[in-house]
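Trainee: Show me the folded form of this:
(chains A and B, ligands or ions: 2)
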There are 2 protein chains.
Amino acid sequence: MGNVKFYPWGKEGTFEKGTRIIDAAEELGIDIESPCGKEGLCGKCKVVVEKGYDKLSNMAGSEENLLSEKEIKKGYRLSCHAEIEGEPIEIKVPSESWRKGQEVLTSGQELEFEKNPAVQKHHLQISEPSLDDPLADYERVKKFLNQYYQVSGDQIDEKVQKDLPSLLREGRDSKKGIWDVTATLWKDREILDIEPEWNKNRYGMAVDIGTTTLAGYLLDLETGDTEAVSSIVNPQISFGEDLMTRISYIESHDNGREKMQNKIIEGVNELVEKARKEANVEKEQIYSMVLVGNTAMHHFFLGFDSQYLPRSPFPPARQSSVKVKAREMGIEINPSGYIYWLPVNAGWVGADNVAVMLTTRIYDQSETSLVIDIGTNGEIAVGNENGVLATSAAAGPAFEGAEIKYGMRAQDGSIENVEIDPETLEPIYETIGEDLPEGICGSGIIDAAAEMVKSGIVNRDGSFSKEVREYARVKKSENGVWEYVIAWKDEAAVDNDITVSQKDIREIQKAKGAIQAASRVLMERLGVEDIDNVQLAGAFGNYIDKESAMTIGIYPYCELDKVEPIGNAAGTGSKLALMSVEKMKEAEKIPEKVKFLEIAGTEEFRENYMDALYFPHKQLDLYPDVKEKID
Amino acid sequence: MGNVKFYPWGKEGTFEKGTRIIDAAEELGIDIESPCGKEGLCGKCKVVVEKGYDKLSNMAGSEENLLSEKEIKKGYRLSCHAEIEGEPIEIKVPSESWRKGQEVLTSGQELEFEKNPAVQKHHLQISEPSLDDPLADYERVKKFLNQYYQVSGDQIDEKVQKDLPSLLREGRDSKKGIWDVTATLWKDREILDIEPEWNKNRYGMAVDIGTTTLAGYLLDLETGDTEAVSSIVNPQISFGEDLMTRISYIESHDNGREKMQNKIIEGVNELVEKARKEANVEKEQIYSMVLVGNTAMHHFFLGFDSQYLPRSPFPPARQSSVKVKAREMGIEINPSGYIYWLPVNAGWVGADNVAVMLTTRIYDQSETSLVIDIGTNGEIAVGNENGVLATSAAAGPAFEGAEIKYGMRAQDGSIENVEIDPETLEPIYETIGEDLPEGICGSGIIDAAAEMVKSGIVNRDGSFSKEVREYARVKKSENGVWEYVIAWKDEAAVDNDITVSQKDIREIQKAKGAIQAASRVLMERLGVEDIDNVQLAGAFGNYIDKESAMTIGIYPYCELDKVEPIGNAAGTGSKLALMSVEKMKEAEKIPEKVKFLEIAGTEEFRENYMDALYFPHKQLDLYPDVKEKID
Ligand code: FES
Ligand code: FES
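Mentor: Residues are numbered from 1 along each chain as shown, chains lettered A, B, ... in the order given. Ligands and ions are numbered 1, 2, ... in the order given. Have a look, this model is predicted:
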């Protein structure tokens, strides 16, 4: 008998001598990967022996083959071979050996969830019908599924039903008198496919439909691995850059709705094509697609009437999730497969935000979180397990480098961070690719604004200080607007000084003011005084300097190490739903848990906005750390 | 206070003076028709006062207007006007005043069932969304349905969902700030239609797809009334008269399956068109269609692979009912409506037989019934509440007048009944339309055979008796076959004698032998010695003389007054399912309750068949009444 403890769970138990580590773990409810069937062939069942290495059986040949020298040195064993011979033993199961889905957020946080995708495959070996047992083909399959896999199979795709007699007999094994086939099921209920013999391949696509970009992730539904990532420009751009233009295109053109829908379907098909070619996956093997996107994209894709969407009170045609057959949508995956849109929250808070919520799960935590997804519209959610409120704020495109004189997208040559010497007012900056500077991208602009405040170039109300007018870097432009020179013409790749002007500062104030004010309105409504953590979703969150963002007051105050970028949380949410029916179900409840608040035009918002225009806020006391630096 | 008893239920209760009969009935759970809203306008709420006529209020003017003199004499009153003033009172509610579905079988039997069709309409008056109540359109409708009608509405047709925003706002009443619309639901679950204002129209089609004929019934789903009946020749006939030819057409032609399917869909659309033009009903108002037919028709219509159907063990592709959207099938009713096929039982026992079972409900009765649906294939079921067995017997077309020398379909000029004087062997016959005779139809053939047996012209083994050769009516044909002359050439509309030959008798023996033998095999398997009643389904049952049929032994012995024609029981069954979800559900269970037995080629069948070739059976004792007549 030997006592073995498993980390990171800390679970322990006592086992007979000779018990394999993998079996001991299983008894404690810990599932270790073992695709080869514990045969010492796959090498996936690795564990690290933290204590009691000598209390285990000797290393087997297959372990020596499958483990690297480095791993052996570190104490790795294959849990399907190492047997318990004494005690105490302590085993760490590294996360890559856990049998479940994992999603890693940019911040390194790991999301844990059971891998249980809606699409499952089962191996069937069904006796052929006879005069004594003349059950119909479909009922025969269903009976087998009930008996051997305890799943209902009480629906079947119409196309599969039509061809069922031949599909089953293609897997006929006349020697055994059986049909040897693979059945693919959706949520244990509907038969989506019948293939001859056993074929375990099953894939799914998670798709994030942005106004400007479509991103697709091709996942192996068996392992949860991302096999390919593809992205293209949203082809609807030909009907207008922004949503409003596209909605009015629909209203002013014959069959506008169909045209808009066909365009996006084409785009998604291109996305699928790219991804599956890269991963070398047949389209028939892709059985599901989970989509997220804002409400307009949702309506465009599904062909919903969108004319009331931009009009107060912004009612969407539907909130709940939508499930449609791929062939009915013209999506080129397995025609019997399903297209699944996560629910939308409210008019302008879409399925993408539901996906972000699904990733962050702030409605399930005692800490109060603020989640910001910054784009032209900033989507904002605040709350904890007692309630979550969400809204959207028209932040404008300043943080994307638009509306800023020398603003540009983040790319080679853009200034991405800036420091200003408070004494000399001389800047130090870095450009992406270490090229000569051409302009300033979003994170550079935030840095510049923060440094200009800290060094006293601009006042907290956003006006250029009169006291720094003597410095060479502070000058008036041709049209008489004050500006601060970050890079002189002769050090730039362009034929002018690269500056941040009074007008640019005003744009930044408006953008950050809108986001902070919206956050504060939600906090007030929830009766919450402080935020415990800030989660920055989207690419933007990865690049900005959180301290600079705090200095100018993009978000309400919070300890700096509790501000975290969480990457493409919308994309992550769509992958979670793709890999887990439980997550799908959870998403379904998010619109109830996360209440949408329309704040645009309210007095409450206006007042908060006026105060939030200041750097970082009219009441400096609200930002203790920032106060220190500015004073 | 007054005690009132209601018949035929025998329910009674005590009511306050002044209570209207209709309200008293309602309190006891008896619903009386009152389409005018109990206003004395429709005259549908008639009841008969069996006792206590003087204990009721005086006759009102509207009663005198709406009741005929004869009715008044018989004690009729309008239950919405007659008030209780004393006791005791006894009221009979005639069946035409019951508020429920009714189907009358040919025999006059009435089927009673709750009118509760899958398609229901509800009147909605929903508050428009506002900033304080920004619920999405679909969820708003669903919430109203939940609250006011306690129905879930948790699905919505895709097409309706797409246009939902406009559909709802077409019913907008801006003064009241509401959407005033009608929602049509399928099984309280799925929203099939949204129309402006209140529109109670809803219709359904019951369709019986025969190999040669399609019959359609257009029903008002509100009242259960049949608004129109249409019938056409099955256009698939162009691909072959019989099923086998059609199945091989499919196998030997490119896209044979689609062609066959399109043909039948076209036919059904023609059927719908004819019926709805006659009844002046819009196609959008037809929300459902229930179909019955044999298994091959079922497969052809649904586009199922039928190649294994004619091969032992005759496995159908599916047994359970099938529900498909009308637009997906190309059926021209409301595109969001449903096409519903009743389940099939087994290979050659189809949805039509399930419909017959649904009509007869022999699986729910203590008496043992034999149900025979005679066609080229005779479908036969025997059983009671302890179990039912069904099979099909290849009876051949003799009873349809085919394979009989002077046989013809039942039409003007066909001999439909025959009597033969046992002394003189002179016949008396009648023709349809009282025309000069041209040939003999099925019922005439059965009569002739029975009379020939009774009068000793043919022996019980089917051979022509040597003892009657002297009679002028008994002669040899040119090819030396004995025959009996029913009509001499000079009294016929054709240029020959109309006879029944030895060969004809052999055909009749084979046909009736097959049916009787199949019935006996089922009886043996069930361990049943006697049949309590025989139900003859199909047009055939209406025309044949049950005594003659008994004399020749088409069915096993049973008291003559327990033999009943039940008309087009398959059509009736499809109407029942159309009008009642409970009946749909009941149909679903029939394939479990009615076990199919394949008997063709079994020794058991062969033995029974040899004995059943005799008139009425080798053992005359089995038919006591017949024995008397023959001896
Ligand atoms: S389970 Fe495959 S090597 Fe251990
Ligand atoms: S209910 Fe219409 S007349 Fe009585």
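
Trainee: what's the closest non-adjacent residue to residue A:576?
Mentor: Excluding the flanking residues, the one nearest residue A:576 by C-beta to C-beta, 6 or more residues apart in numbering or on different chains is residue A:583, at 4.4 Å. For glycine as for every other residue, the C-beta is placed from the backbone atoms N, C-alpha and C.

Trainee: isn't the one you found right next to residue A:572, touching?
Mentor: No - with contact defined as C-beta atoms under 8 Å, residue A:583 does not count as touching residue A:572 (10.6 Å).

Trainee: check which helix or strand covers the residue nearest to residue A:576.
Mentor: Element membership of residue A:583 [criterion: DSSP states H and E] is helix A:581-593.

Trainee: likewise residue A:244?
Mentor: helix A:243-252.

Trainee: Which strands or helices does that helix pack on?
Mentor: helix A:256-279, helix A:295-302 (3 or more C-beta pairs under 8 Å, 6 or more residues apart in numbering or on different chains; DSSP states H and E).

Trainee: would you list these in JSON lines and tack on mean pLDDT and mean neighbour count?
Mentor: Shown next, in JSON lines, are the helices and strands packed on helix A:243-252 (pLDDT from 0 to 100; neighbours: other C-beta atoms under 10 Å in any protein chain shown):
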{"stretch": "helix A:256-279", "mean pLDDT": "96", "mean neighbour count": "19"}
{"stretch": "helix A:295-302", "mean pLDDT": "96", "mean neighbour count": "26"}
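
Trainee: Make JSON lines from those helices and add distance to ligand 2 to it.
Mentor: Listed next are the helices and strands packed on helix A:243-252 as JSON lines, based on distance: least, C-beta to the nearest ligand atom, whole Å:
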{"stretch": "helix A:256-279", "distance to ligand 2": "47"}
{"stretch": "helix A:295-302", "distance to ligand 2": "47"}
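
Trainee: coming back round to it: can you tell me how far the residue nearest to residue A:576 is from residue A:507?
Mentor: According to C-beta to C-beta, to the nearest Å, residue A:583 stands 39 Å off from residue A:507.

Trainee: Same check on residue A:458?
Mentor: Taken as C-beta to C-beta, the span from residue A:458 to residue A:507 is 13 Å.

Trainee: Also residue A:241?
Mentor: 19 Å.

Trainee: neighbour count winner among those two?
Mentor: residue A:507 (21 against 14; other C-beta atoms under 10 Å in any protein chain shown).

Trainee: Who are the contact partners of the closest residue to that one other than its chain neighbours?
Mentor: Nearest residue to residue A:507, sequence neighbours excluded (C-beta to C-beta, 6+ apart): residue A:398, at 4.3 Å. Taking C-beta atoms under 8 Å, 6 or more residues apart in numbering or on different chains, we find residue A:398 in contact with A:404, A:407, A:442, A:445, A:507-508, A:510-511.

Trainee: circling back: is chain B contacted by the helix or strand following the helix holding residue A:583?
Mentor: Downstream of helix A:581-593, the first helix or strand assigned by DSSP H and E is strand A:594-596. Yes - applying C-beta under 8 Å from any C-beta of the partner chain, one finds strand A:594-596 in contact with chain B at residue A:596.

Trainee: need the contact list for residue A:201.
Mentor: A:222, A:281-282, A:285.

Trainee: Which per-residue confidence value corresponds to it?
Mentor: Residue A:201 is assigned a predicted lDDT (pLDDT) of 95.

Trainee: backbone phi and psi for it, please?
Mentor: Residue A:201 adopts backbone torsions of phi -60, psi 130, taken as degrees, to the nearest 10.

Trainee: Quick check: it vs residue A:335, distance?
Mentor: Relative to residue A:335, and taking C-beta to C-beta, residue A:201 is found at 17 Å.

Trainee: Report pLDDT for the residue of the stretch 451-600 of chain A at minimum distance from ligand 1.
Mentor: In the stretch 451-600 of chain A, no residue comes nearer to ligand 1 than residue A:579, which is 21.7 Å away by C-beta to the nearest ligand atom. pLDDT for residue A:579: 95.

Trainee: Repeat that for residue A:387.
Mentor: So residue A:387 comes in at 94 (pLDDT).

Trainee: separation between it and residue A:365?
Mentor: Applying C-beta to C-beta to residue A:387 and residue A:365 gives a distance of 12 Å.

Trainee: mind listing the strands for the stretch 51-200 of chain A?
Mentor: For the stretch 51-200 of chain A, applying DSSP state E, counting those that start in this stretch gives strands covering A:76-78, A:89-92, A:101-104, A:110-113, A:119-127, A:155-156, A:172-173, A:178-186, A:190-196.

Trainee: my bad, should have said the stretch 301-450 of chain A
Mentor: Using DSSP E, counting those that start in this stretch, strands in the stretch 301-450 of chain A cover A:322-325, A:338-341, A:369-373, A:377-384, A:387-394, A:414-420, A:427-431, A:439-440.
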